[in-house]
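J.: starting from these lines, generate the structure:
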Amino acid sequence: MAKRILLVDDEPLIVKGLKFALESDGYETDSAEDGEIALAKIKSGDFDLILLDVMLPKMSGIEVCQAVREVSDVPIIMLTAKGEDMDKILGLEYGADDYMTKPFNILEVKARIKNILRRAGAGREPAKLVISVRDITINIGTRNVDIAGNHVNLTVKEFDLLNLFMSNVGKVYSRDALLETIWGADYIGDFRTVDVHIRRLREKIEADPANPQYIMTKWGVGYYFAE
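T.: Residues are numbered from 1 along each chain as shown. Alright, predicted model coming up:
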């Protein structure tokens, strides 16, 4: 079954170009020209990925992203015409999985989409593989996370990070290693992307994020999952 992608942008030419390029690769697409329409479609539809512009009428892309994360962990790639780092980090802060700055190369857009869908388990049958460390249990196939019996919603990248850490308890990963492993060797972001995702992950799994018990920092080296 073709993967469904929602294109959220108020610039018709950008949407037209993205639709043509993605549908030529076999994806199904839908579109929304403002934040309110986008959120309504997301809540009523079943999408595998969302391309979400930051600057939108009625609701900003950041507001849409935040609202989506309250009900879904569908992968989100933020699109922004601004070059300031704050916009990019703010998008990640509210749950985006990746970002791209306009103008962008359509080949890079396709590569990012393919990479995120692959990491989200696109096209695979759920694997019956469960990892439990202390009171955290993750299911690799269904990508479910439970802490002491309570379900926790994680984004694609947050789950990938937790999976990596729990599969290698005690192993310290540098920011560079995490960028290459989780985001891919061709990712053009910087180390702050890792720090933002680690902070968000801690907020979701730690009783006290300021004093973590699971995802630990080895100062000057990187991060690891404590035994």
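J.: check which helix or strand covers residue 220.
T.: Residue 220 is located outside every helix and strand, with elements delineated by DSSP states H and E.
J.: go on, the one 4 residues further on?
T.: Under the criterion of DSSP H and E, residue 224 resides in strand 222-225.
J.: quick one: that strand to chain centroid distance?
T.: Remark: strand 222-225 is offset 20 Å from the chain centroid, using C-alpha atoms, centre = their mean, to the nearest Å.
J.: going by contacts, tell me the helices and strands next to that strand.
T.: helix 156-167, helix 175-178, strand 215-218 (3 or more C-beta pairs under 8 Å, 6 or more residues apart in numbering; DSSP states H and E). In short, each C-beta sits where N, CA and C put it, glycine included.
J.: which residues touch it?
T.: The contact list for strand 222-225, computed with C-beta atoms under 8 Å, 6 or more residues apart in numbering, reads 133, 165-166, 168-175, 177-178, 194, 198, 214-218.
J.: hmm, back to that, can you say which of the helices and strands packed on strand 222-225 is nearest to residue 118?
T.: With C-beta to C-beta as the criterion, residue 118 lies closest to helix 156-167 of those, at 10.3 Å.
J.: next one: phi and psi at residue 6?
T.: Dihedral angles of residue 6 (phi, psi; degrees, to the nearest 10) stand at phi -100, psi 130.
J.: any weak-confidence spans in this protein?
T.: Within the chain, the stretches with pLDDT under 70 are 82-91, 121-128, 185-186, 188-189.
J.: turn the helices and strands packed on strand 222-225 into CSV, including distance to residue 48 and mean neighbour count.
T.: Formatted as CSV, the helices and strands packed on strand 222-225 follow (distance: least, C-beta to C-beta, whole Å; neighbours: other C-beta atoms under 10 Å):
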stretch, distance to residue 48, mean neighbour count
helix 156-167, 11, 21
helix 175-178, 24, 16
strand 215-218, 28, 15
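J.: can you redo those as CSV with distance to residue 69?
T.: Below are the helices and strands packed on strand 222-225 laid out as CSV (distance: least, C-beta to C-beta, whole Å):
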stretch, distance to residue 69
helix 156-167, 10
helix 175-178, 21
strand 215-218, 19
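J.: quick one: closest of those to residue 40.
T.: When those are compared by C-beta to C-beta, helix 156-167 sits nearest residue 40, at 22.8 Å.
J.: and the contacts of the closest one?
T.: Outside helix 156-167, the residues within contact range by C-beta under 8 Å, 6+ apart are 73, 75, 97-98, 116, 119-120, 131, 133, 136, 138, 140, 143, 145, 154, 173, 178, 181-183, 197-198, 200-201, 204-205, 214-215, 223-225.
J.: try 7 Å this time
T.: For helix 156-167, the external contacting residues (C-beta atoms under 7 Å, 6 or more residues apart in numbering) are 73, 75, 97, 116, 119-120, 131, 133, 136, 138, 140, 143, 145, 154, 181-182, 197, 200-201, 215, 224-225.
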